[in-house]
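> Fold the following.
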Amino acid sequence: MPRLVNRDRSLEELEHDRGPAPSGGETRLVATVRELRRKPIGGLTVEDMRLLIGQNEGLAHLLPLAVEVLRTAPLAEGDMYKGDLLAAVLTRSAEVWSEFPELEREVRLIVSQLTDMPPALERRAEGFLAR
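Next up, the predicted model:
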């Protein structure tokens, strides 16, 4: 059964987890993640989702949104390369996927239907499918 996600709320609101105040010495990545966690998830771009998923942030809320994008645009591109959102999704751990078996099945179907993938993405897809 599809999970309903309130797209008007941020990850901080959905997870009831407000991050700490900026320390001043944080990296750009940490600052960006903190900022994106405060943005309503319905306003996240492909790049925003790629970055957050790659950092294992808000997966319960973001994986369904990412799969929604991948259904219509399997090689959706953030700021890195063609298919970078799919790469972020494919590289989540087996433990993560055990929590979302329906999404895993859907990602497997999406990947199995792709015929022309960049080589780096193809290796990740093969690793995902081999699990």
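> And the residue positioned nearest the centre of the chain, how far from Ser23?
The centre of the chain sits closest to Ile53, judged by C-alpha atoms, centre = their mean, with a distance of 3.5 Å. Going from Ile53 to Ser23 by C-beta to C-beta, to the nearest Å gives 24 Å. Heads up, the C-betas are built off the backbone N, CA and C, glycines and all.
> repeat for Arg131
Here Arg131 is placed at a distance of 37 Å from Ser23 (C-beta to C-beta).
> next one: Val67
Using C-beta to C-beta, one obtains 34 Å as the distance from Val67 to Ser23.
> likewise Glu99?
Separation of Glu99 from Ser23 (C-beta to C-beta): 31 Å.
> Does the residue of the chain most remote from its centre belong to a helix, a strand or coil?
Taking C-alpha atoms, centre = their mean, the residue of the chain most remote from its mean C-alpha position is Gly24, at 27.0 Å. Put simply, Gly24 is coil when judged by DSSP: H, G, I helix; E, B strand; the rest coil.
> Could you number the chain from 365 rather than 1 from now on?
I'll keep to 365 as the first residue from here, and by that count the last item is Gly388.
> So between Glu463 and Ser387, which is more surrounded?
Glu463 (12 against 8; other C-beta atoms under 10 Å).
> Show the contacting residues for that one.
Residues counted as contacts of Glu463 (C-beta atoms under 8 Å, 6 or more residues apart in numbering) are Ala424.
> and it, what pLDDT?
Listed pLDDT for Glu463 reads 95.
> Please apply the same query to Pro366.
50.
> For this structure, which segments count as strands?
For the chain, strands defined by DSSP state E do not occur.
> ok, back up a step: in this structure the residue nearest to the centre of the chain contacts Ala424, no?
No: here Ile417 does not reach Ala424: they are 11.3 Å apart, not a contact under C-beta atoms under 8 Å.
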